[in-house]
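Novice: Coordinates only, no sequence provided:
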């Protein structure tokens, strides 16, 4: 059974062995198997300090527990760990033996080992939750006891990621509000990114999502180490802007820890990018010390003020100019300048000052910066400083400012473009902030195609654009999953969630909204408008003489909002068609011309019906795009009869290029669509504004990379800044009676 | 050498044989071969009346012709045919023997055989034109002699289709103006549809194309039995409307003979469909007795008057109502009614009269029909009788009526659509006829895409639309030959022929013309307008920030007309792109919106340049289509990830349908393109006319069937009649100052 090198050792071992053996063969009905003997021998050698009861637990021989020697050692703690046989049974997860120990051997349940751990701690470390359950049923003494490290069994389970143990502990009424070294158990789960455990705690006690740890006053969200953990909490309704005792939000923490994914998750769930935390710092202040351009962009794009001073009067811009690393400093300053940040360049090396040497002695951060007009960089004119960032300053949105007595009508047109609808959102946010009025109240007509149609409905249903920005960032990951064509389910679920499953188009009447769709159950396909008002009647002859017996169309009052959105956005090859509808983008990716046509027909109809006095002239048309891709040269769109394999390859390539070209011609929302709309508007004295930022890269309708999308929004911000005069004029016109 | 059944016969034969043989063995240097002896024996048996000289010619033994017996029989005609050895030599085509006969044997060349045929007649029937040449060189006595049937050798050659013989005869100065039984030789060639012979005569004597046969006074064209023969003459410049002594044109003859292909060829080369021939009948009068609906349609479509009276006061309509075959009568009457023919239905059985029984006694054809307003069929209102057919009455086109002092500008827009451009032509012909003014002078701006672009250039270059109609019918067969994509050569040749190889866009300045093209060397593709004036400068920012180094565009003053037409009409998959240009139809198959945009930008530019006084307001926009295909239901445009082969098949089908749908959405010139243009025009008080007939079938851009195209034009005529009020209003507006 065992061999040893020295005889002395052998003798000692033999004595131990002989003293421990009797209970086992005495309680056994049969002769002991060699394997069990071998196990026993090994155990005795490895754990010489164990009592016979410890050995019996580990061997798992139930019969032994009626033997007097085993019973007598039931509460023995004389071993290295200081654990009882009960501890061992819990760790091993042997419920039957646990019962034997408690019922026959009268084992005590509140004993702690050398580390201060109770049987619950041991059970949590084991794999059998039923043992924990048994334990909880019989005793509650050690349930909430902290070990020497300050961890309750629940803390330990969270730390170890044992979701089922957490569940059982909570069922046994383990307390969630015992302070551990890092906070309550929920905070432990967050700290160790144990998603299942955190979810379990919250599902058992929903208040835990808001529980602040006593030490930092931080909510579980502050403790989130990655986007997945943060999203789990956010989806369950935690307060995204809750502050710790220092006044920092989770966003402050994520920025300090340089967690870009976390930052994005928080921002898309509505984290306030302008929140002032400890020392009055905004997240952007904190971001300045990180070498992360994308994070800075993300914060600014989501509304962070580049010129907000902290308690020391420092602005993010002034902090940027103090960064020691030259490359980073230059990058940040260029970045900030492109959206019109004011900053004192005197400390920015290599740029000559216009004010002479005097300015170089001005303090970096000055509380009187509002009074003293700062000097711009060479490339920026003085008026540049009346920058869009100012205009973006929250003000407040006067949602009730809708002017019913307005003399003229305003039309807003939103292009299609999938997830690039974010660009439209960013443009609308700028308009809303600058005007102080919600989009809904700035316009009398809103037309949209595909993603623009969804946004038109969001406007109609009074959803804030900042909210929609978050929604879009969140939605893309749900909707663009797998490969094209994507499952329609998630998109439809999303639309139902946002607009309601039973909401009808006519439920909200103002502004008048139209969504474009392509009726593809006929050849040639026809444009269909989903409206929240009755279609105007026209007097002209029908387009076709023959009636080919097509199904009648749903009337606005019966049309479900989510279904209209889905129909307008059924981009071929991305999603399957919704019934007979294909994406409106096929016929009107830029819906301006069709919206103007519709409004004209609507007004003509009103006049015919004797309601001409209600007709208002259109005075402003605002057409927003989803970003222009860069122009690229094309070499081959030739399609010809190939006479050899090389030519065949060229033809296949040509056919593909040609196909792309045809689709692009078909759906190009810029170019002629804009020229035509501009000419039309100019001819009838309508103020026409086309806003569509030039993007640096071609972004797909189904782009899911946060970085790529943040960059697109960044380029949108730069565009807004560069076109601030146009914006100013637009806002002035929109607000004039 | 020969065997016979009876000894008596054998003896007779042997005597003949022995009497004929000597010259052959006497003149031969060697022993005669058995084969020659056998030939000789056979000849003697088959032609017992032939002289030894005849035999020598047929055997082809030159040596014999120095033998006295052979020489003595040189002019022998004592045989069944009455032909000389010379005749035989000519038919056999043996030039050497011909020479022997003439030089050594003094054979006479002017002998005629029993049928009155000379050696020339015989030579023409042979296969060796060199013999004919030899003959012609030596003698001219029989060259123009007619045989007993009245045929000269040239007649005979034409009848037999011996093109080379015709050539040689003409080289020998054979006369073309000898009357044969059916006319001159050219008429014989036509009668027997011997294209090569007719071509040969015309190429040798170009006057022959106009030569009238003395009997009927008919030109060769009258004699053409099929389209190919007619086209041959027409391409060579014959007078398509030349009349025979009865006053009939070739078209009359073709109609009488019920030759539809001939009728089409004549009409497309400008035959006058209204020509009055014998008894004052027009071709349409004659067509009424033929059971051929297509021919009647073709004649009407090409301008035949349905109400023109002949010398007996009968109109085609009244003739139609007298046709005995009920089905044909009904078909014709319905046909004529749809384009507004007036007719007295009293004799049309089964239709109640409104005037009561009195009218049933009215004479069929009345010379006073202009005074007595005829009664219409039930389905037609009285004013229907002021029909478009009246308006089409030639009047005369006042080409110089262009009103430079017109207060307003007129715009004409022509859609793309390949050979369906014929529909536009038909619409323009109606407008020109009704207004009495050439299109060129009715409009200040003409915009066209693809086929519409070609027509815009035709208008610019003062080509009549009736001429262009013929051109289109002729062109299609040249251009749409083989399979897609078609060779560009014929199209380019055609364009160069019509517009000149070196003509520049700016060579003709009025009206202002623009053709759409798609610049496909960049992504996204851009619209390019080919103009005959300088492009307006615009003040807005360029569409793209970056410059991707594209080749500069050709300026109007350097732009070749034919190349602009070719670029606008490079319909992908039909033709290969022209350089970097694809068909304008990809971006503006209906060019109205872009034309209006262009005009607005042009006027703005003028105002900016201080020439605002020259700017005239647009008052009329006329948009002509190439015919609407019928609407058809579509079941499957779904594209999804297939999970089994059946689904895969569905997907492939769906992708194809989708592709078609995308292209059709892209290029649909009706639907929204029209709604948008109408709304735009109405908003700015421009009179907008959209004229586009509904066609019964989907006609391809490259349709070549005359019948299909005639039917499309027929439907156009019906459309014009049905919309006569709109046309009337349009013409009134176009002619108002």
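Specialist: Sure thing, it's come through. Just so it is clear, the model here is predicted, and its values are computed rather than measured.

Novice: so what's residue A:180 up against?
Specialist: Neighbouring residues of residue A:180 by C-beta atoms under 8 Å, 6 or more residues apart in numbering or on different chains: A:146, A:150, A:151, A:152, A:155, A:187, A:188. Yep, even glycine has a C-beta here, placed from its N, CA and C like the rest.

Novice: Confirm it sits in a helix?
Specialist: No: Residue A:180: not assigned to a helix; according to DSSP: H, G, I helix; E, B strand; the rest coil it is coil.

Novice: Kindly provide the distance from it to residue A:606.
Specialist: Note on residue A:180: its distance to residue A:606, by C-beta to C-beta, to the nearest Å, is 70 Å.

Novice: quick one: which two of the contacts of residue A:180 are the most distant?
Specialist: The span of those, defined through C-beta to C-beta, is set by A:146 and A:187 at 14.6 Å.

Novice: more neighbours, these two?
Specialist: Per other C-beta atoms under 10 Å in any protein chain shown, whichever of residue A:146 and residue A:187 has more neighbours is residue A:187, with 28 against 19.

Novice: quick check, the more buried one in a helix?
Specialist: Yes: in this structure, residue A:187 lies within a helix as judged by three-state DSSP.

Novice: Excluding chain neighbours, what is closest to it?
Specialist: In space, residue A:187 comes closest to residue A:213 once its chain neighbours are excluded; the distance is 4.8 Å by C-beta to C-beta, 6 or more residues apart in numbering or on different chains.

Novice: Distance-wise, check that neighbour relative to residue A:476.
Specialist: Counting by C-beta to C-beta, the gap between residue A:213 and residue A:476 amounts to 33 Å.

Novice: and those two? which has more neighbours close in?
Specialist: Using other C-beta under 10 Å, the more surrounded residue of residue A:213 and residue A:476 is residue A:213, with 23 against 20.

Novice: Could you measure from that one over to chain B?
Specialist: Per C-beta to the nearest C-beta, to the nearest Å, residue A:213 is found 48 Å from chain B.

Novice: show me what contacts that residue?
Specialist: A:179, A:182, A:183, A:184, A:187, A:223.

Novice: and what of residue A:487?
Specialist: Residues in contact with residue A:487 (C-beta under 8 Å, 6+ apart) are residue A:481.

Novice: correct me, but residue A:670 touches residue A:589?
Specialist: No: Residue A:670 is beyond contact range of residue A:589, at 9.5 Å (criterion: C-beta atoms under 8 Å).

Novice: quick one: which of those two has more around it?
Specialist: Using other C-beta under 10 Å, the more surrounded residue of residue A:670 and residue A:589 is residue A:589, with 25 against 21.

Novice: So for that one, what's the pLDDT?
Specialist: For residue A:589, the pLDDT comes out at 88.

Novice: Backbone dihedrals for it, please?
Specialist: The phi/psi pair for residue A:589 (degrees, to the nearest 10) reads phi -70, psi -30.

Novice: do the same with residue A:519
Specialist: In terms of degrees, to the nearest 10, the main-chain angles of residue A:519 are phi -80, psi 110.

Novice: residue contacts, it?
Specialist: The contact partners of residue A:519, by C-beta under 8 Å, 6+ apart, come to A:525, A:526, A:527, A:528, A:580, A:581.

Novice: export the residues you listed to CSV and tack on distance to chain B and pLDDT?
Specialist: Shown next, in CSV, are those (distance: C-beta to the nearest C-beta, whole Å; pLDDT from 0 to 100):
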residue, distance to chain B, pLDDT
A:525, 5, 83
A:526, 6, 85
A:527, 5, 88
A:528, 11, 90
A:580, 9, 80
A:581, 10, 83
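
Novice: any idea which of the residues you listed has the most stuff around it?
Specialist: Using other C-beta under 10 Å as the neighbour criterion, residue A:525 leads the contacts of residue A:519 with 25 neighbours.

Novice: Please tell me I have it right and that one contacts residue A:586.
Specialist: Yes: in terms of C-beta under 8 Å, residue A:525 counts as a neighbour of residue A:586; the distance is 6.9 Å.

Novice: Between these two, which contacts overlap?
Specialist: Here residue A:525 and residue A:586 have A:518, B:661, B:665 as joint contacts, going by C-beta under 8 Å, 6+ apart.

Novice: among those, who's most crowded?
Specialist: residue A:518 (27 neighbours).

Novice: quick one, phi/psi of it?
Specialist: Note on residue A:518: backbone dihedrals following degrees, to the nearest 10 are phi -110, psi 120.

Novice: what separates it from chain B, distance-wise?
Specialist: Using C-beta to the nearest C-beta, we find residue A:518 at a distance of 7 Å from chain B.

Novice: Look up which helix or strand residue A:452 falls in, please.
Specialist: Assigned by DSSP states H and E, residue A:452 falls within helix A:451-460.

Novice: and that helix, how far out from the chain's middle?
Specialist: 20 Å (C-alpha atoms, centre = their mean, to the nearest Å).

Novice: For that helix, name the packing helices and strands.
Specialist: On a contact count with 3 or more C-beta pairs under 8 Å, 6 or more residues apart in numbering or on different chains; DSSP states H and E, helix A:451-460 meets strand A:409-414, helix A:421-435, helix A:439-442, strand A:445-449, helix A:465-479, helix A:488-499, strand A:512-519, helix A:561-568.

Novice: Switch these over to CSV; also include distance to residue B:267 and mean pLDDT.
Specialist: Listed next are these as CSV, based on distance: least, C-beta to C-beta, whole Å; pLDDT from 0 to 100:
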stretch, distance to residue B:267, mean pLDDT
strand A:409-414, 51, 95
helix A:421-435, 58, 91
helix A:439-442, 63, 89
strand A:445-449, 49, 95
helix A:465-479, 61, 89
helix A:488-499, 57, 88
strand A:512-519, 41, 91
helix A:561-568, 50, 90
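
Novice: Without its sequence neighbours, what residue ends up closest to residue A:515?
Specialist: Distance criterion C-beta to C-beta, 6+ apart; nearest residue to residue A:515, sequence neighbours excluded, is residue A:453 at 3.6 Å.

Novice: Report how many residues lie close to the one you found.
Specialist: Residues lying near residue A:453 (other C-beta under 10 Å) number 31.

Novice: Quick check: it touching residue A:528?
Specialist: No: in this structure, residue A:453 is not within contact of residue A:528 by C-beta under 8 Å, at 11.7 Å.

Novice: residues shared between the contacts of the two?
Specialist: Residues touching both residue A:453 and residue A:528 (C-beta under 8 Å, 6+ apart): residue A:516.
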